[in-house]
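Asks: Can you look at this prediction? I've put the sequence above it.
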Amino acid sequence: RRQSVGRLSGKKELFDAQKRLESAKMLYPAEEDESYLGDDDINVSNRIRDIYLEKGDSTSQDFYRLSYSEIYDYFPQDEELDYALKGENFDFEFRMANNVRSRLNGKVTYRKLLVKNNEITSRDEENTLLGQLDYNLKALKGFISSNTFYQIGSGFENQREFSFLEVNDGQGTHLWNDYNQNGVQELNEFEVAGENNRFQASYIKVYTPTNEFIRVFSNQFNQVLFLKPNAILNNSVKWQKLLARFSNKTTYRAERKTQNEADIYNPFNTNLTDSPLISVSSSFANTFYYNRLSAKFNVEYFFLDNKSKNLLTNGFESRQLLQHELRARYNLNRIYSIENSVEYSESVTASEFFSNRNFLIAKEGVSPKLVYQPSVKFRLSTTFNYNQRENLQGEEKAFSRSGTVDLQYNQAGKGSFSMSLSYIQIDFNAEGNSSLAFEMLDGLNNGNNFTWGVLWQRNLSSYLQLNLNYNGRKSEDLRTIHTGGMQVRAFF
């Protein structure tokens, strides 16, 4: 049963609110009525009491709320409900949104759990801090655009087991390679489907929770920062006109769970070798632009650092991708354009249980492209790609050369047609039947490879859309693989 006492929306109500708060302090658990069924169906009863001070409401630009609540839990003992636990919550919630260029809102909760009877509960006394902060900022005429989200919490995390469930071809995320040729689906034989074999993916990864729990402290942090100097610079001044061509966008996202309570607040500790760190998923990306909005020519430098780590029943599993890429585009005229990208990356995979999944792969590559686009309806592009990969923890090397032709035809409001054909030639100096080979060869085989795909979309009406797709692949000494699918979408 909940009792709410006190609501402060202005100075006029302050005296009455204080009187009601003083009255609320006189209430004790023993003085409250308790309603519950005396049947065996009810084995727990609780009562809730709260008081709060509030200024503004849910529709106000500025809103503040300070509250305190108590929860009393009663557990069965000797055919009666006895007082077992007491919870105390202290909450502060606020919103400051009067300035459209700067909006801040958040909530902080401190929870205290007290054990009143150790004979009928196995819970331990604990203190918990929860918080959330959201801030949006636009400053200096749009030169700075920022969005920040931060959240902390705690709880219990159960260890998980995983398995793979078979689905229709092309509808999954993983595929199975029988590396040891024993016909048995083993956990270390499933690979994440890539661009060249996504249409063959026929398994999904399913996590199953276990009965083993561990105490964890979590935080989540998201930050987007966009800097656009052209918003404040004068294009009539030569050096300012040059500087206005540059811009930069930075994004950082992190979700962490750790057993170290002292590390609960730090969203930037994503060291995968940190043993108290139970799980992490983080991404830092930065793009530095030159001539970002130019229709003639632009260059951008892209940096990416992705990390992930998960605790499973058989140990930790972690991945990291570090990527540098330089991209450029130049329009020769209104029909022809050329693009190019140069890339260097390092990919690290580590597993405590599967020794065949520990490797560090370095990749270097260049990918020029020629685009022919006479109208918004039709686009034809040809891409050449050369890259080399090396396992820095071994002697394995792979050299890949490929050519791709892409065709797209669009009819506004009616549908679209696209087609792609690729030839990939790979030289690999090791056996191809392993997880390492699958990663270094992008799921293809040593030697000559062909991949192709066709997609046709048609709007049957304003409510129905028909999709037809066909994909194929041919590698040396292997049979040709064909897959196709049809999908009808209904829009309501």
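Replies: Thanks, I have it. Numbering: from 1, shown residues only.
Asks: Can you show me the strands along the stretch 201-350 of the chain?
Replies: 203-227, 246-258, 277-290, 297-312, 315-331, 336-351 (DSSP state E, counting those that start in this stretch).
Asks: Compute the inter-axis angle for the first one and strand 246-258.
Replies: If I follow you right, that is strand 203-227. Relative orientation of strand 203-227 and strand 246-258, computed by axes from the mean of the first three to the mean of the last three CA atoms, to 10 degrees: 130 degrees.
Asks: Might you calculate how far strand 203-227 sits from the centre of the chain?
Replies: 9 Å (CA atoms, centre = their mean, to the nearest Å).
Asks: which parts of that strand are buried?
Replies: Buried residues in strand 203-227, defined by neighbour count with 16 or more other CB atoms under 10 Å: 203, 216-227. Heads up, the C-betas are built off the backbone N, CA and C, glycines and all.
Asks: low-scoring stretches of the stretch 301-450 of the chain, by residue?
Replies: Flagging of the stretch 301-450 of the chain using pLDDT under 70 yields the residue ranges 313-314.
Asks: err, the stretch 101-250 of the chain, not the other one
Replies: In the stretch 101-250 of the chain, residues with pLDDT under 70: 158-160.
Asks: And the helices in it?
Replies: 238-243 (DSSP state H, counting those that start in this stretch).
Asks: ok, residue 404 touching residue 450?
Replies: No: counting by CB atoms under 8 Å, residue 404 does not reach residue 450; the two are 10.9 Å apart.
Asks: picking that back up, got the buried residues of strand 203-227 as CSV, with distance to residue 277 columns?
Replies: As requested, the buried residues of strand 203-227 are exported to CSV (distance: CB to CB, whole Å):
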residue, distance to residue 277
203, 28
216, 10
217, 11
218, 11
219, 12
220, 14
221, 15
222, 19
223, 20
224, 24
225, 25
226, 30
227, 31
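Asks: out of the residues you listed, who's nearest residue 129?
Replies: Minimum distance to residue 129 across the buried residues of strand 203-227 is 9.1 Å, recorded for residue 217 (CB to CB).
Asks: May I have the beta-bridge partners of that closest one?
Replies: Counting by DSSP bridges, residue 217 forms beta bridges with residue 154, residue 258.
Asks: could you measure it against residue 304, distance?
Replies: 27 Å (CB to CB, to the nearest Å).
Asks: same thing with residue 486?
Replies: 36 Å.
Asks: isn't residue 452 right up against residue 422?
Replies: Yes: using CB under 8 Å, residue 452 is in contact with residue 422, at 7.1 Å.
Asks: re earlier: so between residue 486 and residue 304, which is more surrounded?
Replies: Comparing residue 486 with residue 304 by other CB atoms under 10 Å, the one with more neighbours is residue 304, at 16 against 10.
Asks: Excluding chain neighbours, give the residue nearest to the more buried one in space.
Replies: What sits nearest to residue 304 in space, not counting adjacent residues and going by CB to CB, 6 or more residues apart in numbering, is residue 323, at 4.3 Å.
Asks: which residues touch the one you found?
Replies: 302-305, 343-345 (CB atoms under 8 Å, 6 or more residues apart in numbering).
Asks: Is there a quick PyMOL command that grabs whichever of the residues you listed are buried?
Replies: Listed next is the PyMOL selection for buried residues among these, using 16+ other CB under 10 Å:
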select buried, resi 302+304+343+345
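Asks: Just flag the most distant two among the contacts of residue 323.
Replies: The widest separation within the contacts of residue 323 (CB to CB) is 14.4 Å, between 305 and 343.
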